[in-house]
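J.: Fold the stuff below for me.
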Amino acid sequence: SSGVSNGFSAAESSGVVTFSGGTLNGGANAVLTVTVSAATAATYAAPVGAAIADPANTIAESNESNNSSPAGTSTVVVTPNSPPAFTLQPAANTMVPYNTTTTLTVAASGSPTPTFQWYEGVSGNTASPVGGATSVSFTTPPITANTSYWARASNGQGSPADSNTA
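T.: Residues are numbered from 1 along each chain as shown. Down below sits the predicted model:
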């Protein structure tokens, strides 16, 4: 959906919203709003000189140098935020020799980029977070008993994702 002001109109065709018409006098503002509900990226054309409000910095603008130009268009590409999803799981049932360490690694997609927290125990049990283990890789302390670890990916979009238990 879209909303406009100052006499501008908006039209959508094949997923592209084009703003047109309207008049802006020097120092005037127009509000051009696009609400994206699809889970795919989209491209929008907005009149050059239109201020684009993006408090979360999720919109990438091209032709920004043209924003002072009195005519033309500026393309705005919006990539909707998406919850995290693991693209690399830690190796399950990793056998580690007594009193040695191992490094576990995960990867996750999502927008914004997910952050990570490693936990000791079975996947989903957040009772034992590993202090300071907040990157894609985690090196265990020396293993002296049966121990399991897993990672949680979060980015504030939907539910966090939990890795397999390693």
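J.: Could you report the neighbour count for residue 146?
T.: 5 (other Cβ atoms under 10 Å). C-beta: built from backbone N, CA, C; applies to glycine.
J.: Contact partners for residue 104?
T.: 90, 91, 94, 118, 137, 138, 139, 140, 149, 151, 166 (Cβ atoms under 8 Å, 6 or more residues apart in numbering).
J.: Now it: closest residue in space, sequence neighbours ignored.
T.: Nearest residue to residue 104, sequence neighbours excluded (Cβ to Cβ, 6 or more residues apart in numbering): residue 90, at 4.2 Å.
J.: Pull up the gap between the one you found and residue 119, please.
T.: Taking Cβ to Cβ, to the nearest Å as the measure, residue 90 falls 12 Å from residue 119.
J.: what is in contact with these two at once?
T.: With Cβ under 8 Å, 6+ apart as the test, residue 90 and residue 119 both reach 149, 150, 151.
J.: export stretch 141-154 as PDB, just CAs?
T.: C-alpha atoms of stretch 141-154 as PDB (Å, rounded to 0.1, in the frame of the first residue of the first chain):
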ATOM      1  CA  PRO A 141      36.600 -25.300  27.200                       C
ATOM      2  CA  PRO A 142      38.500 -28.600  27.600                       C
ATOM      3  CA  ILE A 143      35.900 -31.300  27.600                       C
ATOM      4  CA  THR A 144      36.000 -33.600  30.600                       C
ATOM      5  CA  ALA A 145      32.500 -35.000  30.500                       C
ATOM      6  CA  ASN A 146      29.600 -35.500  28.100                       C
ATOM      7  CA  THR A 147      28.600 -31.900  27.200                       C
ATOM      8  CA  SER A 148      26.300 -30.400  24.500                       C
ATOM      9  CA  TYR A 149      26.300 -26.900  23.000                       C
ATOM     10  CA  TRP A 150      24.000 -25.100  20.600                       C
ATOM     11  CA  ALA A 151      23.500 -21.600  19.200                       C
ATOM     12  CA  ARG A 152      20.600 -19.200  19.000                       C
ATOM     13  CA  ALA A 153      20.400 -16.600  16.200                       C
ATOM     14  CA  SER A 154      18.300 -13.500  16.800                       C
END
